[in-house]
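Chemist: Sequence and computational prediction follow.
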Amino acid sequence: DNETRKRGIESFYSHRMNGSDNDPMYVPEIGLLLDGVLQNREDSEIFITESDAGDSDQANYSIPMKVANPHWLFNLPWISNGVWNYAIQEVRDHTLSKIREIAENYSFDGIELDFARGFVFPPGTGWENRSLLTKFIYDVREMTLEIEEKRGKAFLLATRIPEKIVGCHFDGIDPESWAKYRLVDIFTLGARSFDVDVGDFRKITENIPIKIYPVLDDHHSCDAYCTPPIEVFRGVFSNWYRQGADGIQTFNWAYQIKEWGPWPAEPWSHLHLQAYKEMGKPESFKYLNKTFVVQRRGGGHGAPVVHDPEDWSPPRHGYANSNMLAQLPKEISNDTKIDTMLTVYIADDLNKESDKINKIRVRILLHDTDEGDYITFPRLSPVPKEKNHQIQRAVIRDWGIPLRPGKENQKFLYNAPTKKGIEDIVEIRINNSLISNSEIDEGWLVFKACPEQFALGENLIGIRVTKRNQKTNKTILIEKLEVDVNYK
């Protein structure tokens, strides 16, 4: 708090609305662990993993209020000690009292209620209970205004909610009412989503003083884009600002060069530092190279929290963090008369700035089920080579996070490469403008495009295989599509 004030930055307390497996864990003969660190011991700086602590019969997450009131909870498959059910008045009262205690005893400039990393209603009951949650937000707002009046200065309320309004409804959140009755000052949107519906939130906040901040988590990341090149971040940030974002919130980013918590910060630190230097000033990266990508489903955790795209099933427990409406992966039709359609948002006015552009490439990564299944291999292990008749095998999902206990050798996901000659039988249309020539580059199809083919904002891209056995039950999937814009 003091450090932020030295820099003229507002300080917020972020309150996670439901617990996780980071809740305090009591381990017999070891003690109380919080985030893996011993508490109330002289050697409390020693880091202990859960495997060190023993199995679930010996180590349990225990919160007295939950133990005393099991009927206040509902279960999720990845949380052993239950989560609060906000359909119950006592749960809402208990949470409000905790938030009040924090607000009254610390000099924060505001509080963020985090609904995007957990769920507050049992699966399938969210939308029917939305009025209960809206009343809770009303009560929090009333409390913050009371504290604001006592302090004689603003005390802001932010809510971190899913990045799409339909996703909010899925989880029992009614942002239209929260905006209409001016219950919040800031909407922070999403967690690991590149596609954030800033425009839709702008519509419901029109003429209402609510700021909009999309959020980006680079640990439990958008699938296949953990620690991406800086050009990907620039594309994402440009798209958000073009749609009307007031700023950007980061989550699970490295803010120190050498360390991230108790672990070395690489490969994050230099990438994140560069992104921090640019993200607050859109003009600073206006003419810098960018990559605009089509988002993939899932990401971040894997089953049972959110299934990976290659093992996809839509989550019933909640929408947040799932990216369940993302376009990729997507099958290319085996019917050679049919284009498979995708949209990609381009924030840069490529037509207007064509004299400043060096080149534009549309890159597509395919997975051919006729050539085999996906393969997963640890990052430090050699990957099986492709067969002689195939193009180069390519990584779909890497996992570029700081190395730490249990995360030293994360598994990467690789495609089954298509047959050689694929570049001769795949064409794309950008806003119905045909490009039929491509080349192979490190397992990707690469099409050279020109600025005149793109529109500012949404662009429609069709992909077609011109020669295909239409009777086959095997398919080719589009795993990734990226538009690289290289400036002079």
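Modeler: Everything's here; your move.
Chemist: check contacts around residue 181.
Modeler: In this structure, residue 181 makes contact with residue 138, judged by CB atoms under 8 Å, 6 or more residues apart in numbering. From N, CA and C alone the C-beta is placed, and that goes for glycine too.
Chemist: just use 559 as the starting number from now, easier for me
Modeler: With the count now opening at 559, the last piece we talked about shows up as residue 739.
Chemist: Okay, it and residue 733: tell me how far apart.
Modeler: Here the criterion is CB to CB, to the nearest Å. By it, residue 739 lies 11 Å from residue 733.
Chemist: center of this structure, which residue is that?
Modeler: residue 750 (0.5 Å; CA atoms, centre = their mean).
Chemist: So that one, which state does it fall into?
Modeler: Using DSSP: H, G, I helix; E, B strand; the rest coil as the criterion, the local structure at residue 750 reads coil.
Chemist: Any stretches of this structure with poor pLDDT?
Modeler: Applying pLDDT under 70 to the chain picks out residues 559, 577-620, 819.
Chemist: for it, longest helix please?
Modeler: helix 688-709 (DSSP state H).
Chemist: right, and the helix or strand after it?
Modeler: With elements assigned by DSSP states H and E, the helix or strand that comes after helix 688-709 is strand 714-719.
Chemist: For that following strand, which strands pair with it and how are they oriented?
Modeler: Here strand 714-719 has these sheet partners by DSSP bridges: strand 668-672 (parallel), strand 744-747 (parallel).
Chemist: residues in contact with residue 1039?
Modeler: By CB under 8 Å, 6+ apart, the contact set of residue 1039 is 851-852, 886, 900, 902, 920-923, 1019.
Chemist: switch to 10 Å and redo it
Modeler: The contact partners of residue 1039, by CB atoms under 10 Å, 6 or more residues apart in numbering, come to 850-854, 885-886, 888, 900, 902, 920-923, 986, 1002-1003, 1019, 1021.
Chemist: swap in residue 879?
Modeler: Shown here is residue 879, whose contacts under the criterion CB under 10 Å, 6+ apart are 674-677, 720-721, 725, 748-751, 775, 778, 856-859, 863-864, 873.
Chemist: and it, how far is that from residue 688?
Modeler: Counting by CB to CB, the separation of residue 879 from residue 688 is 19 Å.
Chemist: Just list whatever residues bridge to residue 772.
Modeler: Per DSSP bridges, residues listed as beta-bridge partners of residue 772: residue 747.
Chemist: That one: neighbour count?
Modeler: Neighbour count for residue 772, taken as other CB atoms under 10 Å: 28.
Chemist: I'd guessed it sits against residue 800; true?
Modeler: No. Counting by CB atoms under 10 Å, residue 772 sits too far from residue 800 to count as a contact (11.8 Å).
Chemist: Where does residue 1038 sit: helix, strand or coil?
Modeler: When the structure is split into helix, strand and coil by three-state DSSP, residue 1038 lands in strand.
Chemist: So residue 921 lies in a helix, does it not?
Modeler: No. Note on residue 921: no helix contains this position according to three-state DSSP, which reports strand.
Chemist: Please look at it and residue 1037 and confirm they touch.
Modeler: No. No contact is recorded between residue 921 and residue 1037 when judged using CB under 10 Å, the distance being 11.2 Å.
Chemist: Could you pull out the residues contacting both of those two?
Modeler: What both residue 921 and residue 1037 touch, as defined by CB under 10 Å, 6+ apart, is the set residue 1002.
Chemist: Counting neighbours, go ahead and name the busier of these two.
Modeler: In terms of neighbours (other CB under 10 Å), residue 1037 is the more surrounded of residue 921 and residue 1037; the figures are 25 against 18.
Chemist: Check the gap between that one and residue 667 for me.
Modeler: Shown here: residue 1037 relative to residue 667, a distance of 43 Å by CB to CB.
Chemist: Could you do residue 820 as well?
Modeler: 29 Å.
Chemist: Over to residue 771?
Modeler: Distance, residue 771 to residue 667, using CB to CB: 14 Å.
Chemist: Now do the contacts for residue 692.
Modeler: Neighbour list for residue 692: 730-736, 738-739, 741 [criterion: CB under 10 Å, 6+ apart].
Chemist: Next step: these restricted to helices.
Modeler: Using DSSP H, the contacts of residue 692 in helices are 733-736, 738.
Chemist: just checking, residue 979 touches residue 949?
Modeler: Yes. Under the criterion of CB under 10 Å, residue 979 lies in contact with residue 949, with a separation of 8.7 Å.
Chemist: Return every residue with contacts to both of these two.
Modeler: Any residue near both residue 979 and residue 949 by CB under 10 Å, 6+ apart counts here, and that gives residue 998.
Chemist: More neighbours: which of those two?
Modeler: For residue 979 against residue 949, the residue with the higher neighbour count under other CB under 10 Å is residue 949, and the figures read 23 against 12.
Chemist: in the longest helix of the chain, what counts as buried?
Modeler: Within helix 688-709, the residues scored as buried using 16 or more other CB atoms under 10 Å are 688, 690-692, 694-695, 697-699, 701-702, 706.
Chemist: Equivalent analysis for stretch 943-961, please.
Modeler: Buried residues in stretch 943-961, counted by 16+ other CB under 10 Å: 944, 948-949, 951-960.
Chemist: so can I have CSV of the residues you listed showing distance to residue 789 and secondary structure?
Modeler: Shown next, in CSV, are the buried residues of stretch 943-961 (distance: CB to CB, whole Å; DSSP: H, G, I helix; E, B strand; the rest coil):
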residue, distance to residue 789, secondary structure
944, 27, coil
948, 28, strand
949, 24, coil
951, 23, coil
952, 18, coil
953, 17, strand
954, 18, strand
955, 18, strand
956, 16, coil
957, 19, coil
958, 15, coil
959, 19, coil
960, 21, coil
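Chemist: At which residues are the strands of the stretch 559-708 of the chain located?
Modeler: Assigned strands in the stretch 559-708 of the chain, in chain order: 570-574, 583-585, 589-592, 595-596, 618-619, 631-634, 637-642, 668-672 (criterion: DSSP state E, counting those that start in this stretch).
Chemist: Output the contacting helices and strands for the longest one.
Modeler: Okay, so that is strand 637-642. Applying 3 or more CB pairs under 10 Å, 6 or more residues apart in numbering; DSSP states H and E, one finds that strand 637-642 contacts strand 618-619, helix 622-626, strand 631-634, helix 647-663.
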